[in-house]
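Chemist: just a sequence and a predicted model for now, questions to come.
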Amino acid sequence: MALYGAIEAGGTKFVCAVAAGPDDIRDTATFPTTTPAETLEAVCGYFAGYQQKTGDKIDSIGVACFGPVDMNKASDKYGYITCTPKPGWQDTDVVGSLNSKFGVPVGFDTDVNAAAYGEYLWGAGKGLGVVLYLTVGTGIGGGLCINGKPLHGLMHPEMGHVIMQQDKTKDPFECACPYHDSCLEGLASGKAVDLRWGVHASELADDHPAWEIEADYLAQGVMDYILTVSPEKIIIGGGLMHKDLLYKMVREKVRQKLNGYVNVPAITEDIENYIVSPGLGTKSGICGAIGLAIDVIS
Ligand code: ZN
């Protein structure tokens with residue numbers, strides 16, 4: 001039976017797992033994201049140590065990576081993290097480094113594309129043609145899995161930066177995105193919520209006006225995604241969504257904003273099963289990475 005190394009590479013930590021499949025995770029470890037050299041060394045050291053300890057060989061590695069990344073296989077920089085604001089990580093050759101240090105094939109995608117893929121393979125979007133995964137945490141990002149393949153195209157989707165309608169009489173907050181005046185991430189990410197209210201999102205009570213504003217922006221984004229890519233399932237994860245009431249609020253606002261224009265039962269009658277939490281819980285990304293590792297040697 002093949003064994004896989006899976007990495008969920010984030011801006012603050014790298015979560016690693018050794019697994020024979022999504023239901024057979026044999027070991028996990030977490031490393032802080034420091035410099036690229038140090039972090040990738042720690043990851044490879046962990047996998048090597050696992051092999052030594054157990055005598056089992058890891059056959060391939062899958063990486064669900066923070067971005068932006070270069071996904072163009074014809075590019076010299078395929079498998080690189082490109083222009084990230086994360087200090088020290090610009091132009092980091094993730095796939096090449098892992099490949100040269102560890103010597104097995106490496107599957108690679110964005111964290112959110114991998115999460116969408118994991119949910120398509122084994123989670124809330126299992127077997128569906130168009131699966132959208134949105135994470136709402138410190139940042140906001142979205143991935144798409146279309147007909148069983150994570151979507152790349154020109155680069156990869158950057159759903160966190162779609163433009164929002166901002167009513168400044170209700171929300172005078174200055175958008176936190178350095179690139180845009182009013183984008184989803186800049187107005188609704190965990191970072192934006194913290195800045196707007198001066199406290200961490202987890203400290204805001206359920207009846208705090210923050211959630212109404214949050215749900216409105218998320219619903220604007222979700223409506224745009226519905227109208228552009230016609231997902232069969234919209235899966236929303238990430239730290240902010242631990243506030244359960246957000247799902248209900250977002251569903252209601254999506255329905256209001258669509259205003260009857262998209263007249264399909266999935267939305268008009270069954271939106272509770274259309275906009276949902278991840279079927280794999282907090283494991284969508286790491287399971288997606290397992291899926292990428294499986295693919296790269298099949
Ligand atoms: Zn932006």
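Modeler: Perfect, thanks for sending it. All values derive from a computational prediction rather than experimental measurement. Numbering: from 1, shown residues only.
Chemist: so for the helix ranked longest in the chain, what gets flagged as buried?
Modeler: When the chain is parsed with DSSP state H, its longest helix is helix 209-229. By 16 or more other CB atoms under 10 Å, the buried positions in helix 209-229 come out as 210-211, 213-226. All C-beta spots, glycine's among them, are computed from the backbone N, C-alpha and C.
Chemist: one more: stretch 271-283?
Modeler: In stretch 271-283, counting by 16+ other CB under 10 Å, buried: 271, 274-280, 283.
Chemist: what sits against the closest residue to the ion within the stretch 1-150 of the chain?
Modeler: Minimum separation of the stretch 1-150 of the chain from the ion (CB to the ion) falls at Ile140, amounting to 9.1 Å. Contact analysis of Ile140 by CB atoms under 8 Å, 6 or more residues apart in numbering lists 134, 159-160, 184-185, 188-189, 221, 238.
Chemist: now it, nearest residue through space, not along the chain?
Modeler: Gly160 (3.7 Å; CB to CB, 6 or more residues apart in numbering).
Chemist: and what of Val131?
Modeler: Nearest in space to Val131, with sequence neighbours left out and distances taken as CB to CB, 6+ apart, is Gly125 at 3.3 Å.
Chemist: how many residues are close by that neighbour?
Modeler: Applying other CB atoms under 10 Å, we find 28 residues neighbouring Gly125.
Chemist: what do you get for Ser298?
Modeler: If we define neighbours as other CB under 10 Å, then Ser298 has 8 of them.
Chemist: mind pulling up the pLDDT for it?
Modeler: With respect to pLDDT, Ser298 has a value of 93.
Chemist: mind checking how far it is from the ion?
Modeler: Ser298 sits 37 Å away from the ion, going by CB to the ion, to the nearest Å.
Chemist: residues in contact with that residue?
Modeler: Ser298 touches nothing, counting by CB under 8 Å, 6+ apart.
Chemist: identify the residue nearest the most centrally placed residue in the chain in space, chain neighbours excluded?
Modeler: Central residue of the chain (CA atoms, centre = their mean): Val112, 2.6 Å from the mean position. Nearest residue to Val112, sequence neighbours excluded (CB to CB, 6+ apart): Gly143, at 3.4 Å.
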